[in-house]
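Novice: here are the coordinates; sequence isn't available:
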């Protein structure tokens, strides 16, 4: 680990320790679901601390920017801490804008990735169409949007249609692009697919961080919880469960590392497909194991485990589920033929 990366992660950990309380998490959940009227932005102090530390400005390229791998480690740590702010989206949006040669605005930036049948239409320099499930649409002033052959930076202050949340209580909103203002556009033939892949990449990396948090929660619990005169972690059945959880966590982390390395220069769908599919598969298994280990306590508000497991359940389906990306892996393998299967898996065949 580089000194720069180590310092960034320590800074993020310190900010979390100072600002992310249970009260903040509960207020963020309540506000996202439509409650909490009059209490203000529950996460304003957290975002302000991240901005003051320069963490929200990462990803924009330039001489002062950090390496891509270091930026992804911040995304992983944000997933570990289950941060209720769009840090991952902002970092990857700034990376895309830098690659497009567009200046990134300050503040939170989200990704508006079109689903099936949602690809925006362009007419006279304006966009039309509705995109569902935009992460933190209400909290971000700008979004990166892809249309056919173009990448756009849009201001979305007035574009919010309906508010929604995912299973983790994070905002997932619908945007009416006809009410958005196009700030800048650039020709990008593979914009839609690349935007989707970049979103899937940060979700796979964040999932690997959340899986590590899940494992740490469980290790602490089984050593503290005493039953039949000894910690439950001394029971072989529990040890088997934890071994499975550790295996899933390690596999997802390795797949995420592969995708990070491959995507350092630009989006690489095949490696991202492997990472998102493997992380999504691990998320389902890990959440089941964690709640089985905790028993009823893991489902209650009295323990922070649910902040992690709800994100595992939610993130596994965002920017493409494991089934979606497994189909992508199969498509690429079929196109290259059986003779090239091993070279493909070994990274000896060039893919997009």
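Specialist: That came through fine. Please read these numbers as outputs of a predicted model, since none were measured by experiment.

Novice: Helices along the protein, start to end?
Specialist: 3-19, 22-32, 44-52, 68-81, 87-100, 191-224, 236-262, 269-294, 305-315, 322-336, 341-345 (DSSP state H).

Novice: Quick one: closest of the ones you listed to residue 161.
Specialist: Across those, residue 161 has its closest neighbour in helix 22-32 (16.1 Å, Cβ to Cβ). Placement of C-beta: from N, CA and C, glycine included.

Novice: neighbouring contacts of that closest one?
Specialist: Helix 22-32 has contacts (Cβ atoms under 8 Å, 6 or more residues apart in numbering) with 36, 39, 41-43, 45-46, 82, 84, 165, 169-171, 301, 304, 307.

Novice: Give me the lowest-pLDDT entry from those residues.
Specialist: Taken together, the contacts of helix 22-32 show their lowest pLDDT at residue 39, with 37.

Novice: Please name the bridge partners of the residue lying closest to residue 132 once chain neighbours are set aside.
Specialist: Among residues not flanking residue 132 along the chain, residue 174 sits closest, at 5.0 Å (Cβ to Cβ, 6 or more residues apart in numbering). Beta-bridge partners recorded for residue 174 (DSSP bridges): residue 162.

Novice: Tell me how many other residues surround residue 174.
Specialist: Neighbour count of residue 174, defined by other Cβ atoms under 10 Å: 16.

Novice: Could you verify my assumption that it touches residue 129?
Specialist: No - counting by Cβ atoms under 8 Å, residue 129 is not a contact partner of residue 174; they are 11.0 Å apart.

Novice: list the contacts for residue 195?
Specialist: By Cβ under 8 Å, 6+ apart, the contact set of residue 195 is 96, 111, 113, 144, 145, 146, 151.

Novice: 6 Å - rerun?
Specialist: If you count contacts by Cβ atoms under 6 Å, 6 or more residues apart in numbering, residue 195 has them with 113, 146.

Novice: Tell me how far it lies from residue 330.
Specialist: Distance, residue 195 to residue 330, using Cβ to Cβ, to the nearest Å: 22 Å.

Novice: Can you pull up the most central residue in the protein?
Specialist: With distances taken as Cα atoms, centre = their mean, the residue of the chain nearest its centroid is residue 203 (3.0 Å).

Novice: wouldn't that one be in contact with residue 318 here?
Specialist: Yes - between residue 203 and residue 318 a contact is recorded at 5.4 Å, counting by Cβ atoms under 6 Å.
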